[in-house]
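Colleague: no sequence on hand, only this structure:
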């Protein structure tokens, strides 16, 4: 392909135990939920709990023995008699953490890696970027449609059940070029979020999107897709109408599209809700977006039964654009202004426009047969495949 991208293989799930040994923060596979919670509590408390003897080990009762009371009284009198000496000891103990803090403050900051905008951006954790992706003022699909595309004409309904407001589909132009646009819409205000179902699509939404993609393939129009969802809608009605079948059918049929498909994760990209419209020739991510099988809150609820563990789950999931790019799942990271896309939406829209146009021009150089072969090869390279003979050689 013209982009000259290289793909790195992702770690296999069978290496989970090795990852646990290298990262004490991860729970072991054979632990019960109670053991996972107790282990995380022990890690945070340190060795203080180990120093405190339990009543079952030494057989002592809750009330101290008379001799112990006498010793405490003697200690109090000795501390009063010591005067300045005891005060000096107390001052020394309190000043030790302050000295350590002053050393850390005066230490020189770590140099920023190449390719980063600033030291502030480099210091952002996975949890920080996850929160930026969930910011209430972050640009959504409707904002991109108004700022980047022109002459947008919406197409509604799946011709089978009803329309799904969680996904917006239609035809538009980007720099005078006709394209088909599909985007999941979360909404911003409370009423709009309720109307859009927080970007969680029903089966009819996936079927509507596929209907529009087939129109694009028929009329030789490229497809531009924007992903912004925390998952497909898990309600009873959605399951009865074939939620899993609709997602699987979209993934299969998107392999057959005879036009370029460029996908961009503009905010949240979770689970099958994102994959149902996420297969493309080029997959991009905004700098402060995330892409994973589950949200950090959901992961923390399953592993630790504690929502407060979400920041630790965010680090373990490797869901940021930089981590996903290293795994070879995406092809490009679209830059955002320092502090997030909501602080300078115009610069964000311009970066998005440039990335879409550039990738479409590169894909235009491929014939239909080359496009289909490259698309299939792109996804076959993902993951690690082991055989018994290769294991013996290693």
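Modeller: Perfect, I can see it now. Just so you know, these numbers come straight off a predicted model, no measurement behind them.
Colleague: only C-alpha atoms from now on, for both contacts and neighbour counts.
Modeller: Will do.
Colleague: hey, where'd the strands end up in this structure?
Modeller: 150-154, 167-174, 177-184, 223-229, 261-270, 282-286, 290-292, 332-334 (DSSP state E).
Colleague: any chance of the ones you listed in a markdown table with distance to residue 255 as columns?
Modeller: Shown next, in a markdown table, are these (distance: least, Cα to Cα, whole Å):
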| stretch | distance to residue 255 |
| --- | --- |
| strand 150-154 | 24 |
| strand 167-174 | 19 |
| strand 177-184 | 17 |
| strand 223-229 | 13 |
| strand 261-270 | 10 |
| strand 282-286 | 13 |
| strand 290-292 | 20 |
| strand 332-334 | 20 |
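Colleague: of those strands, which is nearest residue 350?
Modeller: Of all the strands of the chain, it is strand 332-334 that lies closest to residue 350, at 10.2 Å by Cα to Cα.
Colleague: tell me what that closest one is packed against?
Modeller: strand 282-286, helix 321-326, helix 345-364 (3 or more Cα pairs under 8 Å, 6 or more residues apart in numbering; DSSP states H and E).
Colleague: now the shortest one against strand 223-229, angle please.
Modeller: In other words, strand 282-286. With axes from the mean of the first three to the mean of the last three Cα atoms, to 10 degrees applied, the angle from strand 282-286 to strand 223-229 works out at 40 degrees.
Colleague: packing partners of strand 282-286?
Modeller: Looks like strand 282-286 contacts strand 261-270, strand 332-334 (3+ Cα pairs under 8 Å, 6+ apart).
Colleague: would TSV of those with mean pLDDT, mean neighbour count and distance to residue 321 be doable?
Modeller: Formatted as TSV, the helices and strands packed on strand 282-286 follow (pLDDT from 0 to 100; neighbours: other Cα atoms under 10 Å; distance: least, Cα to Cα, whole Å):
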stretch	mean pLDDT	mean neighbour count	distance to residue 321
strand 261-270	97	26	9
strand 332-334	97	21	7
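Colleague: reformat those strands as CSV; add distance to residue 317.
Modeller: Listed next are the helices and strands packed on strand 282-286 as CSV, based on distance: least, Cα to Cα, whole Å:
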stretch, distance to residue 317
strand 261-270, 12
strand 332-334, 18
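Colleague: mind checking which of those strands is nearest residue 218?
Modeller: Residue 218 lies closest to strand 261-270 among the helices and strands packed on strand 282-286, at 13.7 Å (Cα to Cα).
Colleague: the closest one to helix 345-364, inter-axis angle?
Modeller: 130 degrees.
Colleague: show residues contacting strand 261-270.
Modeller: Applying Cα atoms under 8 Å, 6 or more residues apart in numbering, the contact partners of strand 261-270 are 133-134, 140, 222-231, 278-286, 288-295, 356, 359-360.
Colleague: who does it pair up with?
Modeller: Counting by DSSP bridges, the strands paired with strand 261-270 are strand 223-229 (parallel), strand 282-286 (parallel), strand 290-292 (parallel).
Colleague: mind checking the strands of the chain for the one nearest to residue 304?
Modeller: Closest approach to residue 304 among these is made by strand 290-292 (18.6 Å; Cα to Cα).
Colleague: which ones are touching the nearest residue to residue 324 once chain neighbours are set aside?
Modeller: Using Cα to Cα, 6 or more residues apart in numbering and skipping the chain neighbours, the partner closest in space to residue 324 is residue 330 (6.5 Å). Neighbour list for residue 330: 282-285, 324 [criterion: Cα under 8 Å, 6+ apart].
Colleague: so which of the residues you listed wins on neighbours?
Modeller: Comparing the contacts of residue 330 by number of neighbours (other Cα atoms under 10 Å), residue 285 comes first, having 29 neighbours.
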